[in-house]
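*Asks:* Got a sequence here, can you build the structure:
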Amino acid sequence: MQQQEDNGLLLVGTGYVRNRRISGSLKEQVGNMISLKLKASSEAKRRISRMKESAGSALDSVSIKDATEVVFGSDTFNKLTLAMALSGKSVELPNAAQTINDEVVVVSKKGVWLDLANMNIDASTVSVKNDSDDDVAETDIAINETLGWILVKENCTNVEDESAIEVSYKTKDGGGIRIEANTENDYDLEFWLDGFNQASQKNFALYIPSMVVAPTSEIDWLGDGYASAEFSGTLVLADGKKVPYIYHEFNA
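*Replies:* Numbering: from 1, shown residues only. Predicted structure coming up:
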């Protein structure tokens with residue numbers, strides 16, 4: 001079948017990437033990609049006539065190709081895209097709850113929040129003893145579970161300012177991720193797009209052996225709409241490849 005149909009491009013697709021800088025890294029789904037733009041550019045080198053008869057006309061013109069630029073966006077924030085948006089790497093937190101016994105906390109002042117060594121606390125498991133090893137009533141303390149803070153209320157009678165308490169507790173099950181932001185300059189990704197052209201009703205595949213990208217958008221952490229992230233960079237010839245990307249279209 002000859003590819004002569006008069007079709008437009010109205011595309012959807014699912015993106016996958018692999019971090020080329022991590023040996024043995026696996027393919028990860030990008031999530032809901034909301035844009036993917038590849039821009040080819042070139043620079044014209046011209047020799048312009050200064051002769052009386054043809055002044056201003058081009059005597060020669062050669063177009064020099066420039067590197068292909070890439071821009072893509074996603075409004076999915078999984079461990080991959082959120083880490084990239086924050087220029088960091090994600091580390092998975094342990095799934096199992098941790099048990100902490102008799103963690104010493106100095107009560108610099110009652111009525112203020114004090115740090116525990118862990119976040120994501122199960123408040124129902126917290127018990128506290130004062131510096132005389134007596135129990136502190138549950139009604140005399142408050143817990144911020146997410147931030148891992150404890151507060152001894154001002155009306156507590158068996159804890160004094162500048163004294164030490166011992167806190168026992170458990171963290172919650174389920175794990176999570178930790179991202180240390182602004183630790184990466186850019187990312188070298190191998191990229192695949194599993195696509196479908198809604199105009200022609202044909203599947204296609206887009207393959208980019210290497211694109212070096214970095215985040216180029218801000219995240220409004222408290223915006224009233226869904227956040228999105230944008231990344232841009234350059235397609236790079238990698239592993240002996242002769243072209244920066246390859247497009248396949250399938251008739252069936």
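*Asks:* Find the nearest non-adjacent residue to Asn144, please.
*Replies:* The shortest distance from Asn144 to any residue other than its chain neighbours is 6.6 Å, reached at Trp113 (C-beta to C-beta, 6 or more residues apart in numbering). All C-beta spots, glycine's among them, are computed from the backbone N, C-alpha and C.
*Asks:* Now do the same contact list for that neighbour.
*Replies:* Trp113 is in contact with Asn144, Leu147, Trp149, Ile150, Leu151, counting by C-beta atoms under 8 Å, 6 or more residues apart in numbering.
*Asks:* for Val136, same thing?
*Replies:* Contacts for Val136 were tallied using C-beta under 8 Å, 6+ apart; they are Val128, Lys129, Asn130, Val152, Cys156, Asn158, Val159, Ile165.
*Asks:* do the same with Tyr16
*Replies:* For Tyr16, the contact set (C-beta under 8 Å, 6+ apart) comprises Lys27, Glu28, Gln29, Val30, Phe191, Trp192, Leu193, Asp194.
*Asks:* Are we agreed that it is in a helix?
*Replies:* No: if the criterion is DSSP: H, G, I helix; E, B strand; the rest coil, then Tyr16 is strand and not within a helix.
*Asks:* how close does it get to Val128?
*Replies:* Tyr16 sits 49 Å away from Val128, taking C-beta to C-beta, to the nearest Å as the criterion.
*Asks:* what does Glu190 give?
*Replies:* Distance from Glu190 to Val128, by C-beta to C-beta: 52 Å.
*Asks:* Which one's more surrounded, those two?
*Replies:* Val128 (23 against 18; other C-beta atoms under 10 Å).
*Asks:* from memory the more buried one sits against Ala164, does it?
*Replies:* No: Val128 is not in contact with Ala164 according to C-beta atoms under 8 Å; the separation is 10.9 Å.
*Asks:* circling back to that earlier point, emit the ChimeraX select command for whichever of the contacts of Tyr16 are buried.
*Replies:* The ChimeraX selection below is limited to those of these classed as buried (16 or more other C-beta atoms under 10 Å):
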select :28,30,191,192,193
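*Asks:* could the contacts of Tyr16 be laid out in JSON lines, adding secondary structure?
*Replies:* Conversion of these to JSON lines gives the following (three-state DSSP):
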{"residue": "Lys27", "secondary structure": "coil"}
{"residue": "Glu28", "secondary structure": "strand"}
{"residue": "Gln29", "secondary structure": "strand"}
{"residue": "Val30", "secondary structure": "strand"}
{"residue": "Phe191", "secondary structure": "strand"}
{"residue": "Trp192", "secondary structure": "strand"}
{"residue": "Leu193", "secondary structure": "strand"}
{"residue": "Asp194", "secondary structure": "strand"}
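*Asks:* from the contacts of Tyr16, which is closest to Asp135?
*Replies:* Nearest to Asp135 out of the contacts of Tyr16 is Glu28 (C-beta to C-beta; 48.4 Å).
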